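Chemist: Pasted the sequence and its predicted model underneath.
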Amino acid sequence: MREIVAYCAMAAGCALMLVAGAMVLPAQIGQNSLPVLHSLPALHSLPSPILDAMRVQPEPPVPAAVFRSPRLNKRLNVYAGFKDALYYGPEWIHGSPAPGRVGNTIIAGHRDTHFRFLKDVKTGDLLQLDYAGQRFRYRIARLRIVDKTDLSVLQPTPTPTLTLVTCYPFYYIGAAPKRFIVSALLQDAASH
């Protein structure tokens, strides 16, 4: 009986590792950390139910913007306008204004991949968003934790604002009950 339990536990562990790999692999590809996978055509042609679940796009999606946190030495591609964008990186929320424009530019990301670093940001930190040939510099004005049903953080603002949204607590297992919100105000913009 003990051996059966041990084999079941090993099988469950392997299954969880495959599921985690299926989630992390596109995230790494979206940030260009694993470009070599796109040069492996055999991966895309192997018949396998496991690989079917882990299959990646033949070409990585094109980022809409590039996000930077200089103090934390973080650079992330931001995606928009296609299904499952959050698997590849933070997603610019459809309907929110372009960076630098009046209103609330909203970017969401997963707490367990791309936006894990948000646990280390501080009020006053500088954030940068490169978009359409310009670099928009924002300064963090407010950090807060809200209930996942609180949609007030998505409302338009009277000034150019960047809002970053991720699930909270950062190390919670399962569907997190709260959201971690970073609100940053536009400082300046320049061509780059």
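Modeler: Arrived safely, thanks for sending.

Chemist: can you pull out the helices in the protein?
Modeler: Here the chain has its helices, by DSSP state H, at 2-30, 41-45, 49-54, 85-88.

Chemist: Just give me the lowest mean pLDDT stretch among those.
Modeler: Sorting these by mean pLDDT places helix 41-45 lowest, at a mean of 45.

Chemist: the domain parsing of this protein - what is it?
Modeler: In the assignment given by automatic domain parsing, the structural domains of the chain cover 1-60, 63-192.

Chemist: mind listing the strands for this protein?
Modeler: Counting by DSSP state E, the chain has strands at residues 65-69, 74-78, 91-92, 104-108, 126-131, 134-147, 161-168, 178-191.

Chemist: Distance to residue 85, mean pLDDT and mean neighbour count added to those, as CSV?
Modeler: (C-beta placed from N, C-alpha, C; glycine too.) Converted to CSV, these look like this (distance: least, C-beta to C-beta, whole Å; pLDDT from 0 to 100; neighbours: other C-beta atoms under 10 Å):
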stretch, distance to residue 85, mean pLDDT, mean neighbour count
strand 65-69, 12, 97, 20
strand 74-78, 9, 96, 19
strand 91-92, 4, 94, 24
strand 104-108, 9, 97, 23
strand 126-131, 15, 97, 19
strand 134-147, 20, 98, 16
strand 161-168, 14, 98, 22
strand 178-191, 18, 96, 17
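
Chemist: among these, which is nearest residue 117?
Modeler: Between residue 117 and the strands of the chain, the tightest spacing by C-beta to C-beta is seen for strand 74-78, at 5.1 Å.

Chemist: so what strands line up beside the closest one?
Modeler: In the sheet, strand 74-78 lines up against strand 65-69 (antiparallel) (DSSP bridges).

Chemist: Only alpha carbons, please: show the strand it pairs with as CSV.
Modeler: Taking Å, rounded to 0.1, in the frame of the first residue of the first chain, the C-alpha atoms of strand 65-69 are listed here in CSV:
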residue,chain,number,x,y,z
ALA,A,65,5.6,48.5,-25.3
VAL,A,66,8.6,47.9,-23.0
PHE,A,67,8.3,48.5,-19.3
ARG,A,68,11.2,49.2,-17.0
SER,A,69,11.8,49.5,-13.3
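
Chemist: If I take it and strand 134-147, what angle do their directions form?
Modeler: Using axes from the mean of the first three to the mean of the last three C-alpha atoms, to 10 degrees, the inter-axis angle of strand 65-69 relative to strand 134-147 is 70 degrees.

Chemist: Not counting strand 65-69 itself, show me its contacts.
Modeler: Outside strand 65-69, the residues within contact range by C-beta atoms under 8 Å, 6 or more residues apart in numbering are 74-78, 80, 90, 92, 99, 107, 117, 121, 125-131.
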